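**Q** Need coordinates for the below:
(one chain, ligands or ions: 2)
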Amino acid sequence: MRFSKYYVKTLKETPKEAEVISHILMMRAGMIKKLASGIYSYLPLGYKALRKVEKIVREEMDRAGSQEIFMPVLQPAELWKESGRWNVMGPEMVRLKDRHQRDFVLGPTHEEVITDIIRNDISSYKSLPISLYQIQTKVRDERRPRFGLMRCREFLMEDGYSFHANTQCLDKEFENIKAGYSRIFERCGLTFRIVEADSGAIGGSGSQEFHVLAESGEDEIIFCESCNYAANVETAKSEVSNAEPMELKKPFMMHTPNVAKIDDVVNFLKIPANRTVKAMMYKDMVTDEVYMVLIRGDFEVNETKLKNVINTLDVTMLNDEELNNLDLIKGFIGPYGTDLKSKNIKVIVDPSVVSIPNHTAGGNQLDMHYIDVNYGVDYTADIVADIRNVKKGETCSKCGGTLSSARGIECGHIFKLGTKYSEALKATYLDENGISQTMVMGCYGVGVSRTLASSVEQNNDANGIIWPSAIAPFVVDVIPATIKDATQMEVAEEIYNALNAANIDVMIDDRDERTGFKFKDADLIGFPFKVVSGKRANEGIVELKIRRTGETLEVNKVDIVSTIKELMKKY
Ligand code: ATP
Ligand code: MG
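**A** Ligands and ions are numbered 1, 2, ... in the order given. Model prediction:
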């Protein structure tokens, strides 16, 4: 490709709305263009890189034995009603009507469609297992589209689905796809971590996420410094040491003026925070049911865990008006000394609370606290469940080691779905004995466009992108130092042709611009290698610059192809 003919408009300035480096650099390098919030066009450079990630994904899915299909974006609502997700998906799912006023959705994911295909086609154990995948546009009306390609309303996903006669078979495929996904991220040159994950609205019996490690990651992952335990903070667990046991006392009320926060309670009463319990008031956004959530004073509530415990899609904390209506006083709410039942408030207690003898809790009156309250004696719970947010520095419950934390970008997610969809949609088969059984399912997804952006998050410097060769739109930029110099131009053309013939993606910068200007563009766009045909071109010697290391090698033009082929293995 000739730079002078190529459609690429690089920008000097940082686009205003871009917050993360991948967004900034992909916009500046002229790879993507915004159409609307969370909706992007890919220009030639961006699309070429995207297609390379896609190719790696396709090759590895094929290698894993999965077969490629292509399903529609437009899906009839009936299937979503049948699976029960029509009501569950909320505003993230884009719904529309056709000309006959029939309900449709723009597919955010394809469990329903694939299960519908399989239930109609497969009826015998002899046709199982089967593993299928597609690479296709997904539509999700995200609450907060942001960070360029990271969180879009329209994005490219590889989604795979497998169907099995039993869970052992699913477990095997889960490991097979996990290995395939690992190869995808390795080949894309990414540093990543596989972690235990929350299954969210998709349901099922277990899931793991692939996180590309980057400061800008929206997720926090917790991992053990000593063993292989790693989990998204949404599900991470840790070991909590119990408070010292002591003889249980009777609660009494104490005047605690202006002491509404845990820190104030600790200072005022001169007790450690691990002897206090705080009460948080939450509302189930689906049912409007109200919950008092009790947790040790120095811990935080994890809303994802809370949602799972309540079995709802969304929760929110009560506002001042809602608290007033329930006669609850912010900062002084507690489980003792108020009739929660008559107010229809359910109580959820984190296990960290159960074992604190004689703890402090809100007094349910302004400026009052109760001292020496005991769970199980003075109050009970409707649910005791882990709703605690794990923090780094805590103790690993698997090995006793210390937990660390890092930021991650979720680029892949694999699920053991079990029979959730096959049961709802009646995907059954006849086993060896002719008995009807429900199929067992798995599903797997890689965010192809998000993975591309994640690579930029991990590979950049002050001058621009540093693509790994595997997904670089162009691997080499051939730059004649002076295009008016016939020899320099001739050698550049020769190298350009040789690289093209060797099937290496190469650009020649034939623009009538200064070399420094061309270097700036080359570094911004992120070519892994620049070949400069300059002063020694008449001797057949050119400069080869490695973008990642900044090194410059002098190479004979006849050795360029082999040298670059070798370097591509490393960079
Ligand atoms: P998130 O928690 O980030 O919203 P998710 O759990 O909804 O992700 P899945 O339904 O598991 O995502 O989708 C599979 C993959 O698709 C994700 O691992 C991610 O790489 C990608 N993905 C999901 N949502 C988006 C989005 N809005 N924009 C770009 N990629 C996305
Ligand atoms: Mg999501």
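
**Q** ok, which residues in this protein are in contact with ligand 1?
**A** Proximity of the chain to ligand 1 is confined to 109, 140, 142, 151-152, 155, 157, 200, 410-413, 445, 447, 449-450 under the rule C-beta under 6 Å from any ligand atom. All C-beta atoms are positioned from the backbone trio N, CA, C, and that covers glycine.

**Q** what about 8 Å?
**A** Counting by C-beta under 8 Å from any ligand atom, the chain comes close to ligand 1 at 38, 108-109, 138, 140, 142, 145, 149-153, 155-157, 159, 197, 200, 202, 209-210, 218-219, 409-413, 415, 445-447, 449-451.

**Q** Could you pick out the buried ones from the residues you listed?
**A** 38, 108-109, 138, 140, 142, 145, 149-153, 155-157, 159, 197, 202, 209-210, 219, 409-413, 415, 445-447, 449-451 (16 or more other C-beta atoms under 10 Å).

**Q** ok, for residue 426, nearest residue in space, not its chain neighbours?
**A** What sits nearest to residue 426 in space, not counting adjacent residues and going by C-beta to C-beta, 6 or more residues apart in numbering, is residue 119, at 6.3 Å.

**Q** Where does that neighbour sit: helix, strand or coil?
**A** Three-state call for residue 119 (DSSP: H, G, I helix; E, B strand; the rest coil): helix.

**Q** What is the burial count for it?
**A** 18 (other C-beta atoms under 10 Å).

**Q** what about it, distance to ligand 1?
**A** Per C-beta to the nearest ligand atom, to the nearest Å, residue 119 is found 22 Å from ligand 1.

**Q** check contacts around that residue.
**A** Taking C-beta atoms under 8 Å, 6 or more residues apart in numbering as the criterion, residue 119 is in contact with 422, 425, 426, 427, 428.

**Q** would you turn those into JSON lines with pLDDT, distance to residue 570 and secondary structure?
**A** What follows is the contacts of residue 119, written out as JSON lines (pLDDT from 0 to 100; distance: C-beta to C-beta, whole Å; DSSP: H, G, I helix; E, B strand; the rest coil):
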{"residue": "422", "pLDDT": "96", "distance to residue 570": "46", "secondary structure": "helix"}
{"residue": "425", "pLDDT": "97", "distance to residue 570": "49", "secondary structure": "coil"}
{"residue": "426", "pLDDT": "97", "distance to residue 570": "53", "secondary structure": "coil"}
{"residue": "427", "pLDDT": "97", "distance to residue 570": "47", "secondary structure": "coil"}
{"residue": "428", "pLDDT": "98", "distance to residue 570": "52", "secondary structure": "strand"}
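
**Q** Now render those as a markdown table, adding neighbour count and distance to residue 22.
**A** Putting the contacts of residue 119 into a markdown table (neighbours: other C-beta atoms under 10 Å; distance: C-beta to C-beta, whole Å) gives the following:
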| residue | neighbour count | distance to residue 22 |
| --- | --- | --- |
| 422 | 23 | 38 |
| 425 | 21 | 38 |
| 426 | 12 | 43 |
| 427 | 24 | 39 |
| 428 | 17 | 45 |
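
**Q** Residue 110 - nearest residue in space that isn't next to it in sequence?
**A** Closest residue in space to residue 110, ignoring its immediate chain neighbours: residue 71 at 5.3 Å, by C-beta to C-beta, 6+ apart.

**Q** Verify the stated contact: that neighbour with residue 112.
**A** No. Using C-beta atoms under 8 Å, residue 71 is not in contact with residue 112, being 10.0 Å away.

**Q** More neighbours: these two, which one.
**A** Legend: neighbour count by other C-beta under 10 Å for residue 71 and residue 112, higher for residue 112 (25 against 17).

**Q** Report the buried residues of the helix or strand containing that one.
**A** Assessed by DSSP states H and E, residue 112 sits inside helix 111-121. By 16+ other C-beta under 10 Å, the buried positions in helix 111-121 come out as 111, 112, 113, 114, 115, 116, 117, 118, 119.

**Q** Pick out the residue in the stretch 351-500 of the chain sitting closest to ligand 1.
**A** Nearest to ligand 1 in the stretch 351-500 of the chain, going by C-beta to the nearest ligand atom, is residue 447, at a distance of 2.2 Å.

**Q** Please read the previous query as pertaining to the stretch 251-400 of the chain.
**A** In the stretch 251-400 of the chain, the residue that lies nearest ligand 1 is residue 304 (9.9 Å; C-beta to the nearest ligand atom).

**Q** So the closest residue to that residue other than its chain neighbours: helix, strand or coil?
**A** Excluding the flanking residues, the one nearest residue 304 by C-beta to C-beta, 6+ apart is residue 234, at 3.9 Å. Put simply, residue 234 is coil when judged by three-state DSSP.

**Q** I'd like the numbering to begin with 28 instead of 1 from here.
**A** Done: numbering now begins at 28, and the last item shifts to residue 261.

**Q** so residue 261 makes contact with residue 332?
**A** Yes. Counting by C-beta under 8 Å, residue 261 does reach residue 332; the two are 7.1 Å apart.

**Q** just how off-centre is stretch 373-392 within its chain?
**A** On the basis of C-alpha atoms, centre = their mean, to the nearest Å, stretch 373-392 sits 34 Å off its chain's mean C-alpha point.

**Q** What distance do you get for the residue nearest to residue 557 when sequence neighbours are not counted to residue 595?
**A** Of all residues not flanking residue 557 in the chain, residue 572 sits nearest, at 4.2 Å (C-beta to C-beta, 6+ apart). To residue 595, residue 572 is 14 Å away according to C-beta to C-beta, to the nearest Å.

**Q** okay, these two: which has more neighbours?
**A** residue 572 (20 against 17).

**Q** Thought residue 559 was touching the more buried one, still the case?
**A** Yes. The pair formed by residue 572 and residue 559 meets the contact definition of C-beta under 8 Å, at 6.8 Å.

**Q** returning to what we had before: could you list every helix and strand in contact with the helix or strand following the helix holding residue 139?
**A** Of the helices and strands lying after helix 138-148 in sequence (DSSP H and E), the nearest is strand 157-166. Helices and strands touching strand 157-166, by 3 or more C-beta pairs under 8 Å, 6 or more residues apart in numbering; DSSP states H and E, are helix 71-90, strand 94-95, strand 181-191.

**Q** what do you get if the cut-off is 6 Å, keeping everything else the same?
**A** Using 3 or more C-beta pairs under 6 Å, 6 or more residues apart in numbering; DSSP states H and E, the elements in contact with strand 157-166 are strand 181-191.

**Q** Quick one: the strands in the stretch 278-427 of the chain, in order.
**A** Here the stretch 278-427 of the chain has its strands, by DSSP state E, counting those that start in this stretch, at 279-282, 304-311, 317-323, 342-344, 372-376, 386-389, 395-400, 410-411.

**Q** what sits against the one residue in the stretch 78-227 of the chain that gets nearest to ligand 1?
**A** Ligand 1 sits closest to residue 182 of the stretch 78-227 of the chain, with a gap of 3.6 Å, by C-beta to the nearest ligand atom. Residues near residue 182 by C-beta atoms under 6 Å, 6 or more residues apart in numbering: 165, 476.

**Q** Right, I'll leave it there.
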